[in-house]
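Asks: Structure for this input, please:
(chains A, B and C)
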Amino acid sequence: MEASATTVPGGRSVLERSPAARLPDKIMKWGLTGLAGGILVLIAYFFIRLIGQSQSTFSSSGLSFVFGNDWDPAHSIYHGFALVFGTLITSAIALLIGVPVAIATALYINELCPRRLRAPLGMIVDLLAAVPSVVYGLWGVYVLIPKLQPAEKWFASTFSFIPFIGGGTVTGPNYFIGGLILAIMILPIVSAISREVIATVPRENKEAALALGATRWEMIRIAVLPYSRSGITGGAMLGLGRAIGETIAVVLVIGNAAVVGHHLFNQGYTLAAVIANEFGEAANNTAHRSALFAAGLVLFVLTLVINIIARWFVARGERAQRGATPGISSALTAGPSGEGI
Amino acid sequence: MSATRTVLPEVSTRRRRTDQVMRGSLVAATVIALVPLILILYYLLKKGVSAWGRSGFFTSDPNGNFFGNPGGIRSAVLGTLEIIALASLIAIPTGIGVALYLVEYGKQGTFAKIVRYFVDVMTGVPSIVFGLFIYIVLVLGHVGGSFTGWKGAIAIALLMLPVVTRASEVVLLLVPDSLREAALALGAPRWRVVTRIVLPTAASGLVTGSLLAVARGMGETAPLLFTAGATFVATADLGQQMNNLPVQIFTDITSPRAEIISRAWGAAMALVVIVLILNLVARLISRRSRLA
Amino acid sequence: MIPPDTTSKETTELSTAGDQSEETTEAAPDLSALGVREGAGHAVDVKDLHAYYGQLHSIKGISLMCPANEVTALIGPSGSGKSTVVRCINRMHEEIPGARAEGQVMLDDLNVYADGVDITAVRRLIGMVFQKPNPFPTMSIFDNVAAGLRLTGTKSDNLRERVHRALRAVGLWGEVKNRLNEPGIGLSGGQQQRLCIARTVAVEPEVILMDEPCSALDPVATLKVEELIDELKDRYTIVIVTHNMQQAARVANSTAFMLDGELIEHGPTNEIFTNPKDERTERYVTGKFG
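Replies: As a prediction, this is how the structure comes out:
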């Protein structure tokens, strides 16, 4: 066909692009889509392999892996309640100490402190997340443990009448130090999310409270906190997920004793710590290795579930209050760095 | 007009006191929150500087000797740099790529929503689990040797990925649509719009996100424990076991020798210095150039 | 100030009477529901007020007398400082970081800016209704109205009584009496604004400041609120900022015209609109600018 005013040789309209010119677009589009999909497939694949490797432990121990209390690799018994217990206790301590402090810092930074201090203070709190967990562990072992031990001993003997919290022998590494270090480590993320949430409280609600004659604290109590409840809960849960999965700092300060300690200042163990600690000796023992993988699987599922619930809370906070910024979700992930071990 | 006497209502002392007490405790809590960071930095400086001062700290490798000079941290530093370099090479383009997909093509579609959700959820996965993943798939499978540097790099890349993706997505979303539309209206094909307009505009934000991801990756220990192995020698070969700073510190902490513990402090300070610098640079870049 | 709350026979009769006769969903505002008020009303006298936003000198020496039990309207183009003046009266202006005010605001013989004056006490005496209705989103209708009362520890029986009365006073009672526990933000815009007024009125202030209270409302809701303002002035002194000159003409006893942070003219409303003394006022009210 000859060329005309609107066609080029070959019959294609001038307005169409040649197949060759459309190729890069196609490559980019499908390449990137494939990349995204590939990530999903990869994670699913890993999950399946992890299940596979834990299989033998679950088929031999069944539910006692989680509920039975007898972690005895030497005799091939893998009942890990002590691990679960330690994980729960240290996380509970971390939440009890860390969340109120984090919310308080968020309230202070957003509502009370002078304008020009806001950004620097926020940055310093966020920097806590940048400290590698091995450094927290190092500091915990050589600074926190020795310095706190006298106070712990005093506390244990003075309050020995309170079950669990008081009494018992005070070992250097113990549940409390583990929980305390975790509290410090989850502080930045809970604080960052709380700050984002609190910043979305509409100014007019705060003004309404003040105009009614509320003091500053009363304004926070009736206008800021109720509004931020869902989002802050989500943030706390993300902190919980972090605390549950933290390995290196905990393995250095909890004592790694596979027993259910009866006192706050006893040694213990966690699911994450056992993996790091016993990996070496399990290298040639498939049963032991499988048990460690099982612990990893429990950890993975636990943190997955907690994450999903947490995000639901945060989304609920965003939905319920119309016009909330999308910034909260980005603070969940891109904010403080160093969430790992 | 007679002036009426105006009496201010009483504000009960209880309310006033509650206000003061609660405000005071908010301040106190903030101070408490800052204390650990200050203490850690203080001890790092105090104990780390003396380690740095020892000869050969940065220029010799750790040796396994029980007596005498335990050696420095050279192989650890080199190993970390190599592993993180490879991890970044994998994670950063991939992460930005996924973010590009989400912003330019997927947008609010179902598939994109699923991807976005799972990337979000990935940030909450403990890093030790990523180590286990790689261990199972690559190490147990004896793919190209047992413990190697590159396997450690993949594990680290896995946990850097969601950080890069989410940070990049936020930044790419900030590029105004009007820029894209203007370029498209001029007849530019989509891929050109992405490479010539979108990416350069978002560049500083992308760099920030990547730096933060690198900082996070550098601090990770657990995944490397069962992927890169533990060794003392320096090597440029990623196909071998490779030393790295976090694992070196971890191993040193439990040593009974004071010189080795001192080395741990020195190594910790080196690590923290690098990580803090990365963080501060990232924040400076993001502060300097805010998109829109 | 009104006498301490007792369930006086008069008011209980009103309450029960109201319950029985309220079959319709609409009701006129009924300020007598609030009970008898002792003492004359209180005037607001602003003397040489200067206000700053950081370095910006926004209000440049304004003196304005708002007589007791009257509605004083502030009109003027955007940016003239009307809202700022009003926010200085209950000292809300200084809540903005970097903002401050100087001068005197006399609530009869009390200078609100005097040393040692407790701001929260001032705000109990001077209530404020905002441009955008702002009921507390997490609170029910009841809790919204009760919010100010709870701050001062009003006991629960007394509380319930006063909340009901405030809702009656603003004419919302019929519309919400069966859903007091539902969220405050579930109401329509006009209802929300009346809810906010009920919240303000419940703590029995002396003065009510209104910053463009109808600008976010539709015309029907606007008329309802204006009807309410007309009732409110018998009991309170009202200062209202408005963009809408027809509104000023409808509700205000006197009107003040502001321009660029200065008070240009203040006088009886119909004079301002039909026979303004200042040329700038004349240009504004005839629509030549602003």
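Asks: Run through the strands of chain A in chain order.
Replies: Remark: strands assigned in chain A by DSSP state E are A:69-72, A:77-80.
Asks: And the helices in chain C, which stretches?
Replies: Under the criterion DSSP state H, chain C contains helices at C:9-21, C:82-89, C:119-125, C:141-151, C:156-169, C:173-176, C:189-202, C:219-232, C:245-251, C:269-274, C:279-285.
Asks: Let's have those in CSV, adding distance to B:Pro93, mean pLDDT and mean neighbour count.
Replies: In short, each C-beta sits where N, CA and C put it, glycine included. Shown next, in CSV, are those (distance: least, C-beta to C-beta, whole Å; pLDDT from 0 to 100; neighbours: other C-beta atoms under 10 Å in any protein chain shown):
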stretch, distance to B:Pro93, mean pLDDT, mean neighbour count
helix C:9-21, 71, 41, 12
helix C:82-89, 52, 94, 25
helix C:119-125, 57, 91, 21
helix C:141-151, 53, 93, 24
helix C:156-169, 62, 90, 20
helix C:173-176, 59, 90, 21
helix C:189-202, 51, 94, 26
helix C:219-232, 56, 91, 18
helix C:245-251, 61, 90, 20
helix C:269-274, 69, 90, 17
helix C:279-285, 62, 90, 18
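Asks: circling back: which one of the strands of chain A lies closest to chain B?
Replies: The closest of those to chain B is strand A:77-80. By C-beta to the nearest C-beta, the value is 15.5 Å.
Asks: which helices and strands does the closest one pack with?
Replies: helix A:19-61, helix A:64-67, strand A:69-72, helix A:286-320 (3 or more C-beta pairs under 8 Å, 6 or more residues apart in numbering or on different chains; DSSP states H and E).
Asks: thinking A:Ala94 is in contact with A:Phe176, fair?
Replies: No. Using C-beta atoms under 8 Å as the test, A:Ala94 is too far from A:Phe176 to be in contact (10.7 Å).
Asks: which one of the two has more residues nearby?
Replies: Between A:Ala94 and A:Phe176, A:Ala94 has the larger neighbour count (other C-beta atoms under 10 Å in any protein chain shown), namely 28 against 25.
Asks: Show the contacting residues for the closest residue to the more buried one other than its chain neighbours.
Replies: Leaving aside its sequence neighbours, A:Ala94 sits nearest to A:Leu182 (C-beta to C-beta, 6 or more residues apart in numbering or on different chains; 3.5 Å). Residues near A:Leu182 by C-beta atoms under 8 Å, 6 or more residues apart in numbering or on different chains: A:Thr90, A:Ser91, A:Ile93, A:Ala94, A:Gly98, A:Arg242, A:Ala243, A:Glu246, A:Ala249, A:Val250.
Asks: okay, A:Leu182: pLDDT?
Replies: We have a pLDDT of 96 for A:Leu182.
Asks: closest to A:Arg221 out of the helices and strands packed on strand A:77-80?
Replies: Smallest distance to A:Arg221 across the helices and strands packed on strand A:77-80 (C-beta to C-beta): 17.7 Å, for helix A:286-320.
Asks: Please name the nearest non-neighbouring residue to the residue in the stretch 1-150 of chain B positioned nearest to chain A.
Replies: Nearest residue of the stretch 1-150 of chain B to chain A (C-beta to the nearest C-beta) works out as B:Pro126 at 2.6 Å. Distances taken as C-beta to C-beta, 6+ apart place A:Gly245 nearest to B:Pro126, at 2.6 Å, with adjacent residues excluded.
Asks: Now do that neighbour: how many residues are near it, please.
Replies: 28.
Asks: Spatially central residue (nearest the centroid) of chain A, please.
Replies: Closest residue to the average C-alpha location of chain A: A:Arg242 at 2.1 Å, with C-alpha atoms, centre = their mean.
Asks: That residue and B:Gly145, how far apart?
Replies: Distance from A:Arg242 to B:Gly145, counting by C-beta to C-beta, to the nearest Å: 33 Å.
Asks: Determine which of the helices of chain C approaches chain B most closely.
Replies: Here helix C:119-125 is closest among the helices of chain C (C-beta to the nearest C-beta), at 4.3 Å.
Asks: for that closest one, packing partners?
Replies: Where contact means 3+ C-beta pairs under 8 Å, 6+ apart, helix C:119-125 is not packed against any helix or strand.
Asks: From chain C, how far out is the nearest residue in space to A:Ser160 that is not next to it in sequence?
Replies: The shortest distance from A:Ser160 to any residue other than its chain neighbours is 3.8 Å, reached at A:Gly167 (C-beta to C-beta, 6+ apart). From A:Gly167 over to chain C the distance is 42 Å, taken as C-beta to the nearest C-beta, to the nearest Å.
Asks: A:Gly167: neighbour count?
Replies: By other C-beta under 10 Å, the residues close to A:Gly167 number 18.
Asks: where does the stretch 201-341 of chain A have low pLDDT?
Replies: Within the stretch 201-341 of chain A, the set of residues satisfying pLDDT under 70 comprises A:319-341.
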